[in-house]
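Sequence and predicted model, in that order:
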Amino acid sequence: MSLWTPGGEVPVDRGGDRAREEAARANSAGGAAGLAGGPSLEDLTPEERAQAEAMVQEMAQVQQQIAATPAGQLVANHAMGMYELAAIKLSVEPPLFAEAQLAIDAMAAVLDATGDRLGDDTAPLRQGLTQLQMAFVELKNRGSADD
């Protein structure tokens, strides 16, 4: 799994199976002193503690990058994600119309709500939305004609 940041994709390690096993063991033993039912820092080996501290530092850096990035750029990135989601849902056989429609409607809502505040990204996103809507209708009509 990865997290998008302005500097690119950042891999996110959620602790893997060992962390889940430790959390389950701690929960079955009457709860844990750590966060979210996980082990406390005192229960970690020096290596695991160093990994946890490195993850916390990395998360802080990602938060700083997000804070330094204009909100319009991040919102535009999310709108692009909705575009890609809708395109994928329309590209499978048979197309997943309800799923694609949700992504298209969400993208339209974001673009309507933000107006021109996305700057230079506004026009291409609106063009992309129009293309998605036309593809949706074309595929839906094609499917109706085949029935």
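Done, it's in. Numbers count the residues shown, from 1 in each chain.

any idea which helix or strand comes after the lowest-mean-pLDDT helix or strand in the chain?
Taking mean pLDDT, DSSP states H and E as the measure, the chain has helix 16-28 as its least confident helix or strand, at a mean of 54. Using DSSP states H and E, the helix or strand that directly follows helix 16-28 along the chain is helix 46-68.

now for that following helix, which elements pack on it?
strand 2-5 (3 or more Cβ pairs under 8 Å, 6 or more residues apart in numbering; DSSP states H and E). Just so you know, the C-beta spots here come from the backbone N, C-alpha and C atoms, and that holds for glycine as well.

tell me the domain boundaries of this structure?
Listed by automatic domain parsing, the domain ranges of the chain are 2-68, 71-146.

now, of those, which is deepest in the fold?
domain 71-146 (a mean of 15; mean count of other Cβ atoms under 10 Å).

measure it end to end?
End-to-end distance for domain 71-146: 44 Å, by Cα to Cα, to the nearest Å.

Tell me how far that domain lies from the chain's centre.
16 Å (Cα atoms, centre = their mean, to the nearest Å).

Contacts only, for the residue lying closest to residue 140 once chain neighbours are set aside.
Nearest non-adjacent residue to residue 140, counting by Cβ to Cβ, 6 or more residues apart in numbering: residue 97, 6.2 Å away. Contacts for residue 97 (Cβ atoms under 8 Å, 6 or more residues apart in numbering) come out as 89-90, 136, 139-140, 143.

So, low pLDDT: which residues of the protein?
Counting by pLDDT under 70, the chain shows low-confidence ranges at 1-8, 10, 12-39, 147.

State which helix of it is the longest.
helix 122-146 (DSSP state H).

Identify the residues contacting that helix?
Here helix 122-146 has contacts from 76, 79-80, 83, 86-87, 90, 94-95, 97, 100-101, 104, 107-108, 111, 114-116, 118, using Cβ under 8 Å, 6+ apart.

Now, those residues that are in helices?
Short answer: the contacts of helix 122-146 in helices (DSSP H) are 76, 79-80, 83, 86-87, 90, 97, 100-101, 104, 107-108, 111, 114.

What is the nearest of these to residue 63?
residue 76 (19.6 Å; Cβ to Cβ).

Could I get the contacting residues of the nearest residue in space to the closest one that is not next to it in sequence?
Leaving aside its chain neighbours, residue 76 sits nearest to residue 121 (3.8 Å; criterion: Cβ to Cβ, 6+ apart). Neighbouring residues of residue 121 by Cβ under 8 Å, 6+ apart: 72-73, 76, 79.
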